[in-house]
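Enquirer: everything below, folded, please.
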Amino acid sequence: MEGYDVKRYGCDVKRYCRALSLRDNENLIAEYRRRHEEGNVWREILDGIRSVGILEMEIYICGTQLFMIVETPADFDWDSAMAKLATLPRQQEWEDYMASFQQADEGASSAEKWQPMERMFHLYD
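Expert: Numbering: from 1, shown residues only. This next block holds a predicted model:
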């Protein structure tokens, strides 16, 4: 497998890493993947993510485990952005739509579902 390109921004950025588990059902996982293919994520969701200040969002999968990387400007405030995101058009509808695939409570917001991961190692100088 090849690596993934990383976009460069004209500002300092920070990264958030979050995790979420899917239900252990290969048909549900296949459908979850399909619903995240290009063109299948609702336009309002993509616009909302960008409108709260998120520069990039990537989701990786391994079995039932999802790993999300979010890149933001250095002055980004996660809690404020997620509170705003939860109020945007169709956001809760999307969260409820995705909940059938995820090990998450119905009615949970994105911030409630995606749990923060602790960085325990880095190779930076």
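Enquirer: where along this protein do the strands fall?
Expert: Ranges of strands within the chain are 13-21, 56-62, 65-73, 115-116, based on DSSP state E.
Enquirer: among the ones you listed, which comes closest to Tyr124?
Expert: Closest to Tyr124 of the strands of the chain, according to CB to CB: strand 13-21, at 11.9 Å. C-beta here means a position set from N, CA and C on the backbone, and glycine is covered the same way.
Enquirer: off-centre distance for the closest one?
Expert: What separates the centre of strand 13-21 from the centre of its chain is 7 Å, taken as CA atoms, centre = their mean, to the nearest Å.
Enquirer: how about stretch 96-108?
Expert: For stretch 96-108 - counting by CA atoms, centre = their mean - the centre lies 14 Å from the chain centre.
Enquirer: check what contacts that stretch and list those residues.
Expert: The contact list for stretch 96-108, computed with CB atoms under 8 Å, 6 or more residues apart in numbering, reads 20-23, 28-29, 31-32, 35, 64, 92, 95, 112-113.
Enquirer: quick check: which ranges of the chain have low pLDDT?
Expert: Residues of the chain that meet the criterion pLDDT under 70 are absent altogether.
Enquirer: related to what we said a few turns ago, can you redo the strands of the chain as CSV with distance to Asp5?
Expert: Formatted as CSV, the entries for those read as follows, by distance: least, CB to CB, whole Å:
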stretch, distance to Asp5
strand 13-21, 15
strand 56-62, 11
strand 65-73, 13
strand 115-116, 25
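Enquirer: I'm done for today, thanks for sticking with me.
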